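Asker: need a structure here:
(chains A, B and C)
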Amino acid sequence: MQDEAALAINKNERPTARRQRAWNPRLLILLIPPIIWLSIFLFAPYAVLFINSFWKVDFGSIVHEFTWGNYTKFFTNSLYYGTFLKTLKIAAWVTVFSILLSYPLAYFINFKIKKNKQLFYTLVIIPLWVSYLVRAYAWKIVLGQDGILNNVLLAVGLIDHPMEIFLYSQYAVVLALTHIYTPWVLMSIYTSLEHIPRDVLEASKDLGAGRFRTFFRVVLPLSLPGLIAGATFAFVLTMGDFLAPQLLGGTSSMMVSNVVYSLFGVANNWPLGSTIGILTLFVVLGILQLTHRLEHRTTSFEAGTRGR
Amino acid sequence: MDKRFKFDWLHAGLSTSAVLVFAFIYLPMIVVVFYSFSENAVNSFPIREWSTKWYGVMMRDTALLDSLKNSLIVAVAGTLIGLLLGIPAAFAVDRFHFPGKALFERIVLLPMILPGIITGVSMMSVFVLAGVKLSLITILLGHGTFLIAVVMTQVYARLKRFNRSIEEASMDLGATRMKTFFRITLPNIRTAIIGASLLSFTLSLDEIAVSYFLTGRDLTLPVQIWAMLRRGITPEVNAISTMIFVFSVVMIVIVTRLTSEKSEA
Amino acid sequence: MKSRRSRNKFLPALVAAITALIVLSACGGKSETPPAASGSGGGSNAGTSGKTLNLLTWEGYADPKFIKGFEDKFGVKVTATYFGSSDELVAKLKGGGGDTFDVISPSSDVAAYLLHEGLVAPINLDHVPNYANLASKLKDMKDVQQDGKVYGVPFTWGPDSLIYDADVIKTPPDSWNVFWDPQYKGKVSIWDDISNIYLIGQMMGLDATDQSKVYNMTEDQLQEAKKKLIELKPQIRKYWASGGELNDLFSNKEVVLAVGWPLTPTTVNASGRNLQETIPKEGITGWIDRLMIVNASKNKELAETYINYVTDEQVMKLVADATGYGVANLNAAKHMSAEQAKAIHIDDMENYMKKVNFWQEVKDRNRYNEIWNEVKAQ
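Answerer: Sure thing, here's the model as predicted:
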């Protein structure tokens, strides 16, 4: 493939292309603008964040004096490392719930719906296009003291006084984030399920495998790459969320991004905020690297047939 | 498959859970739509009186309308940046082999995957360091950066499926490279470009984490809504949310039509 | 063939739509920067027309009730950005940079800090004749003066009082300890701000002799305050982030007890509720808000015109209407009913102020913020 491309390009500009095959002018024209842009608006910011994480702060102003203090503070004060760990826990819950909710629906649409499959799929992904804020805020109406859930439960007689635990609690945060990321996970799982040819399932059945066996030995493994991709997405985005805890969280729902937000937007301690930002960055990159490998290890059907 | 004579517990369970998940996904948004027509300023249940007054309030809220205008400016300009830099990047990755290509592909994607707050605070740090005043421009620069990734992935995916032999045939028949690009390549990836534009536009319109930190005094719509939520101005937010919901549905209908056309062609 | 045609129609339509949008937004942008007005207008009304004045203020300080009059009279547009805490103000001012904002309304805990940092400019009082009519008690505060120049014009003041829902709590609570009363578990709201630490300081009796003690607590005292605030957590429904959010919490019957500003009863009672304010025996803290002009502002004269406008006695009455706060121009009382004058304590300002410990600069704000975050993270 690559050689073909190189060949096609070499036709017109033989001399330059041959001398410098990897860096021909056409490639440079395509590549240089994005690279310049990314250097200025992606690398430079992360570099500045990294450098800032080593400065001191005095009365709300950055003092340019090298220190490891911010890092030691992160790892010794439970406000910082504790919140970080709690955030990982919340992200894990959201990821697990999103998978549990989206898998059956993805499976149902892909294998059980015969007519209007596209319509159902579209219905599922519409929420992806609806404002994040709107979806988080909607839960406030549902879960409040005088909200729908409490009133319905009161009317049915399941509870005798409005429950406070629904809104302004960790549960509300996990619930709303699950609601927000379920369609993403679903889309990802659905795409990988869609690529499983029906013949494979038929073959599995013909060979005498039951429905469960077919699912666990054939369908699930083949959908793993999609599942992992969706799960990564849900996990990483939850880690970076700071709005849901502010909107729906209770007194102890602070997540790591809220701490970063507070250090930058309230407490005027940018160096410490940068430190936490950099550490989050590394953890996220680590997770991405890990799942990247996992995805490749669990080959999807599509990739398998293409013979990578 | 057709075992109608026997009640299929597994199938029933699956169907029920599918319906419940559907309800879970949609109920909250439907609730907002209903409450946008509630007379009461407080979101209490049940809704006692119906009214469209919050839509009137919304239409007269100049701060809100300004923020909508700001958001549209940023979304359009951001999409253009995404297209201008993302399409070349997609071609570079698809057509050429160069050292560090795998790394480049993954780095471009970073702003799309990394938590927005990290991108936001790091860009804010660099702007403050460089003495750049926070404004719509800084928000736009932030959006452009992740929209490049959005456009690149969409266009690259289409290019990968694109049969290159048509291009070669065109050039063998004597068409210039330019002509081949505009007559053959571009029409073939056009739906991908339109799809990427609409996706970029919507993502930019909804973006909050990066915008939040790069905002000067001109707010974008989500930042304005967030400020309103924080200040407890909820009935009006119900009305805006409903409008956003309707807008989103329209957008996705357009995109789905485009993608189904693709399969027809 | 059919799909091809519709596609061909779609792309031009999209291009047209985007072009229209850009043209529209470009026109919209233009209207904000009309040609520079003729004449530089030395402090007079001339030359202000068409300009935009940008406020960075607490909620309620850009209410149309009094802003509209200014906009109409001088032909300017006022934009407002709100901050939810003093720290947020400082962060926005430092981060936002440059001349993003013209006029700010810092409280007494950060006003001096802004002055030391060089973020605010001296005010030419010749352009603010109403300054002469403001309460001398407020003008005498030295924290916003330097080298004989005045950097802040008193605007409003008020308490962080105990607010309770009188329909639920029949007798006025006489102590902040009511917040820890198990009876009101999950029914209390306090501000998401370091001022809670001052409150605990008062409960510990630190300000009995020296008011500034609660703003400069020792590490041990801070740890004790932290313990007390953590004990309070099960009682708390939500830490409110803005006055509006607290109004919402009361309106939705989520809470019955809170620490808050007069803005809340003023707003919530307007829809038929019965919220009351009280001063518990441990005392309360309060704040004095001054209007200041950002150093980098390019609209300093317009800013001074604005400051003069809003400190006018008739306009100050409207400010009181909108916020329920005490206003700096005592003559505003002439335009008020007796009840309103009493409600905002303008009739008895000196006496009432003795009961309030007004916010002062916190030297180690960093540590206070960290303690407060530790409470929240617990």
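
Asker: just checking, what's the longest helix in chain A?
Answerer: Taking DSSP state H as the criterion, chain A has its longest helix at helix A:78-107.

Asker: Can you give me the buried ones in that one?
Answerer: A:79-81, A:83-84, A:86-88, A:90-91, A:93-95, A:97-99, A:101-107 (16 or more other Cβ atoms under 10 Å in any protein chain shown). C-beta coordinates here come from the backbone N, C-alpha and C atoms, glycine included.

Asker: what about that helix and chain C, any contact?
Answerer: Yes: applying Cβ under 8 Å from any Cβ of the partner chain, one finds helix A:78-107 in contact with chain C at A:Ser78, A:Leu79, A:Gly82, A:Thr83.

Asker: which helices and strands sit right next to that helix?
Answerer: The helices and strands touching helix A:78-107, judged by 3 or more Cβ pairs under 8 Å, 6 or more residues apart in numbering or on different chains; DSSP states H and E, are helix A:69-76, helix A:170-194, helix A:220-239, helix A:256-265, helix A:270-297, helix B:9-35, helix C:365-377.

Asker: hey, which of these is tucked in deepest?
Answerer: Mean neighbour count, computed with mean count of other Cβ atoms under 10 Å in any protein chain shown, is highest for helix A:256-265 among these, reaching a mean of 26.

Asker: What are the contacting residues of it?
Answerer: Residues outside helix A:256-265 that contact it (Cβ atoms under 8 Å, 6 or more residues apart in numbering or on different chains): A:79-80, A:83-84, A:87, A:239-242, A:245-246, A:269-270, A:272-273, A:276-277, A:280, B:115, B:117-118, B:121, B:124, B:213, C:88, C:91-92, C:95, C:369, C:373, C:377.

Asker: now do stretch B:45-60
Answerer: By Cβ under 8 Å, 6+ apart, stretch B:45-60 touches A:146-148, A:150-151, B:34-40, B:64-65, B:235-236, B:238-240, B:243.

Asker: got the end-to-end distance for that stretch?
Answerer: 27 Å (Cα to Cα, to the nearest Å).

Asker: which one is the spatially most central residue of chain B nearest to, not counting chain neighbours?
Answerer: By Cα atoms, centre = their mean, chain B has its centre lying nearest to B:Leu203, at 2.3 Å. If the residues on either side of it in the chain are set aside, B:Leu203 comes closest to B:Val150, at 6.3 Å by Cβ to Cβ, 6 or more residues apart in numbering or on different chains.

Asker: Quick check, pLDDT for that neighbour.
Answerer: At B:Val150, the model reports a pLDDT of 91.

Asker: Who are the contact partners of it?
Answerer: B:Val150 is in contact with B:Gly82, B:Gly86, B:Met112, B:Ala196, B:Leu199, B:Ser200, B:Leu203, counting by Cβ under 8 Å, 6+ apart.

Asker: backbone phi and psi for it, please?
Answerer: phi -60, psi -50 (degrees, to the nearest 10).

Asker: residue contacts, B:Ser211?
Answerer: So B:Ser211 contacts B:Val74, B:Gly120, B:Ile139, B:Gly142, B:His143, B:Thr220, B:Pro222, B:Val223 (Cβ under 8 Å, 6+ apart).

Asker: And B:Thr145, by the same measure?
Answerer: With Cβ under 8 Å, 6+ apart, B:Thr145 has these contacts: A:Trp37, A:Leu38, A:Phe41, A:Leu42, B:Pro111, B:Thr119, B:Met123.

Asker: separation between the fourth one and C:Lys92?
Answerer: Yep, that's A:Leu42 we're talking about. 25 Å (Cβ to Cβ, to the nearest Å).

Asker: for the fifth one, same thing?
Answerer: B:Pro111 sits 24 Å away from C:Lys92 when distances are taken as Cβ to Cβ.

Asker: who has more neighbours, the two?
Answerer: The neighbour comparison of B:Pro111 against C:Lys92 (other Cβ atoms under 10 Å in any protein chain shown) goes to B:Pro111, with 25 against 22.

Asker: Report the contact partners of C:Phe66.
Answerer: Applying Cβ under 8 Å, 6+ apart, the residues near C:Phe66 are C:Val310, C:Val315, C:Leu318, C:Val319, C:Ala322.

Asker: 10 Å - rerun?
Answerer: C:309-310, C:312, C:314-323 (Cβ atoms under 10 Å, 6 or more residues apart in numbering or on different chains).

Asker: OK, contacts around A:Asn151?
Answerer: A:Gly144, A:Gln145, A:Pro162, B:Ser44, B:Phe45, B:Pro46.

Asker: May I see the buried residues of whichever strand or helix holds it?
Answerer: Per DSSP states H and E, A:Asn151 falls inside helix A:148-156. The neighbour-count check on helix A:148-156 (16+ other Cβ under 10 Å) flags A:Ile148, A:Leu149, A:Asn150, A:Asn151 as buried.

Asker: how far does the helix or strand where A:Ile36 lies sit from the chain's center?
Answerer: Using DSSP H and E, A:Ile36 falls within helix A:25-38. In this view, helix A:25-38 has its centroid 29 Å away from the chain centroid, taken as Cα atoms, centre = their mean, to the nearest Å.

Asker: for stretch B:88-106, same thing?
Answerer: For stretch B:88-106, the distance to the chain centre is 24 Å (Cα atoms, centre = their mean).

Asker: Adding pLDDT, secondary structure and neighbour count, write the contacts of C:Phe66 out as JSON lines.
Answerer: Shown next, in JSON lines, are the contacts of C:Phe66 (pLDDT from 0 to 100; DSSP: H, G, I helix; E, B strand; the rest coil; neighbours: other Cβ atoms under 10 Å in any protein chain shown):
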{"residue": "C:Tyr309", "pLDDT": "96", "secondary structure": "helix", "neighbour count": "17"}
{"residue": "C:Val310", "pLDDT": "95", "secondary structure": "helix", "neighbour count": "24"}
{"residue": "C:Asp312", "pLDDT": "94", "secondary structure": "coil", "neighbour count": "20"}
{"residue": "C:Gln314", "pLDDT": "94", "secondary structure": "helix", "neighbour count": "13"}
{"residue": "C:Val315", "pLDDT": "95", "secondary structure": "helix", "neighbour count": "22"}
{"residue": "C:Met316", "pLDDT": "95", "secondary structure": "helix", "neighbour count": "28"}
{"residue": "C:Lys317", "pLDDT": "95", "secondary structure": "helix", "neighbour count": "24"}
{"residue": "C:Leu318", "pLDDT": "94", "secondary structure": "helix", "neighbour count": "21"}
{"residue": "C:Val319", "pLDDT": "94", "secondary structure": "helix", "neighbour count": "26"}
{"residue": "C:Ala320", "pLDDT": "93", "secondary structure": "helix", "neighbour count": "27"}
{"residue": "C:Asp321", "pLDDT": "91", "secondary structure": "helix", "neighbour count": "16"}
{"residue": "C:Ala322", "pLDDT": "89", "secondary structure": "helix", "neighbour count": "19"}
{"residue": "C:Thr323", "pLDDT": "89", "secondary structure": "helix", "neighbour count": "26"}
